[in-house]
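Novice: Kindly generate the corresponding structure for this input.
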Amino acid sequence: MSRSERLFKLLQVLRRHRRPVSGITLAGEVGVSIRTLYRDIATLQAQGAGIEGEPGIGYVMKPGFMLPPMMFGAEELDALVLGIRLVVQRGDATLAQGALLALSKINAVLPAELRHELEGSGLLVGAGEQTLQHEVTPALLRQAIRYERKLLITYLDPAGVQTQRTVWPFALVYFDKVRVLMTWCELRQGFRHFRSDRISQAEILDQRYPRHKQALLREWRKTEHVVGQSLLPETDSISG
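Specialist: Numbers count the residues shown, from 1 in each chain. Okay, the predicted model is just below:
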């Protein structure tokens with residue numbers, strides 16, 4: 001096992017443990033001596049990895065950390081480049097900026113030969129259909145989802161009827177032309193999908209909704225008999 005592969009494996013092992021784990025246990029899982037483990041942890045910490053702990057106490061990975069040098073296979077690099085270029089081409093401005101920043105961070109820590117492969121990728125994204133105009137920025141909808149806040153929306157349904165709803169947003173689905181907000185609707189007491197281009201106003205409320213978004217997503221999948229990532233019905237038929 002090369003040193004870079006060993007460091008990457010150590011990171012993967014640390015990610016699996018939510019509580020501090022002893023150096024002896026880590027060394028056994030990675031397949032190195034305890035001395036090598038201490039040296040590798042010091043190397044990762046020096047490169048920005050958020051590893052907390054010390055010998056005799058244990059180690060744990062903090063959420064959110066700077067990526068150390070790592071190895072990617074050819075298909076993994078292609079997937080990264082294509083996915084990020086899709087977000088830049090089809091996402092809103094805030095999301096596109098985040099995708100480019102993520103790519104630059106990955107590029108900065110790749111070994112030279114992989115950086116050359118990343119920068120020279122021949123996978124491009126063609127022009128797609130124009131996304132419909134939105135009165136409410138998707139960044140606001142994503143913020144409500146991220147912080148699990150109730151959302152007060154004004155919605156115009158396909159029949160032209162305008163209603164106000166208090167909803168619990170738990171996912172935002174991106175199609176070629178439209179985005180669909182997945183929610184639990186307090187008015188209907190059930191799951192409802194709202195095309196974001198038909199939301200004329202939206203206000204994030206102070207109250208957190210009473211359930212976690214992951215639980216809502218799992219229940220929605222069970223209710224709709226969806227396995228894995230969902231494919232919603234044709235968006236023209238989706239309303240509140």
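Novice: C-alpha from now on. contacts and neighbour counts both.
Specialist: Fine.
Novice: Going along the chain, name the strands of the chain.
Specialist: 51-54, 58-61, 149-156, 162-174, 179-185, 190-195, 199-208 (DSSP state E).
Novice: what comes up buried for stretch 139-151?
Specialist: The neighbour-count check on stretch 139-151 (16 or more other C-alpha atoms under 10 Å) flags 141, 142, 144, 145, 148, 149, 150, 151 as buried.
Novice: Residue most distant from the centroid, this protein?
Specialist: residue 35 (35.7 Å; C-alpha atoms, centre = their mean).
Novice: quick one, which of the strands of the chain is nearest to residue 75?
Specialist: Smallest distance to residue 75 across these (C-alpha to C-alpha): 23.7 Å, for strand 162-174.
Novice: For the residue nearest to residue 6 when sequence neighbours are not counted, the count of nearby residues, please.
Specialist: Among residues not flanking residue 6 along the chain, residue 30 sits closest, at 7.3 Å (C-alpha to C-alpha, 6 or more residues apart in numbering). Neighbours of residue 30 under the rule other C-alpha atoms under 10 Å: 17.
Novice: pLDDT score assigned to residue 30?
Specialist: We have a pLDDT of 91 for residue 30.
Novice: Find the centremost residue of this protein, please.
Specialist: residue 146 (10.1 Å).
Novice: Distance check, that residue against residue 80.
Specialist: From residue 146 across to residue 80, the span is 23 Å (C-alpha to C-alpha, to the nearest Å).
Novice: Touching the lowest-mean-pLDDT helix or strand in the chain from outside, list them.
Specialist: Among the helices and strands of the chain, helix 112-119 carries the lowest confidence by mean pLDDT, DSSP states H and E, at a mean of 77. Contact partners of helix 112-119, identified using C-alpha atoms under 8 Å, 6 or more residues apart in numbering, comprise 71, 72, 77, 78, 81, 107, 108.
Novice: Poorly predicted segments of this structure, please.
Specialist: The model of the chain has pLDDT under 70 over residues 1, 64-71, 128-133, 226-240.
Novice: For stretch 162-172, which residues meet the burial criterion?
Specialist: 165, 166, 167, 168, 169, 170, 171, 172.
Novice: for the protein, what spans make up the helices?
Specialist: 3-16, 23-30, 34-46, 74-90, 93-109, 112-119, 138-146, 213-224 (DSSP state H).
Novice: Next, the buried residues of the fourth one.
Specialist: Neighbour-count burial for helix 74-90 flags 77, 78, 80, 81, 82, 84, 85, 86, 87, 88, 90 (criterion: 16+ other C-alpha under 10 Å).
Novice: Same check on the last one?
Specialist: For helix 213-224, the neighbour count (16+ other C-alpha under 10 Å) marks 213, 216, 217, 220 as buried.
Novice: In CSV, list the residues you listed along with distance to residue 2.
Specialist: Shown next, in CSV, are the buried residues of helix 213-224 (distance: C-alpha to C-alpha, whole Å):
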residue, distance to residue 2
213, 40
216, 43
217, 40
220, 44
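Novice: what's near enough to touch the residue nearest to residue 6?
Specialist: By C-alpha under 8 Å, 6+ apart, the neighbours of residue 30 are 6, 9, 10, 13.
Novice: Kindly write the PyMOL command that selects the buried subset of the residues you listed.
Specialist: Entered in PyMOL, the line below selects the buried ones among those, by 16+ other C-alpha under 10 Å:
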select buried, resi 6+9+10
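Novice: out of the strands of the chain, nearest to residue 25?
Specialist: Closest among the strands of the chain, using C-alpha to C-alpha: strand 58-61, at 9.3 Å.
Novice: Give me the distance from that closest one to the chain's centre.
Specialist: With C-alpha atoms, centre = their mean, to the nearest Å as the basis, strand 58-61 stands 24 Å off its chain's centre.
Novice: Perfect, that will be all.
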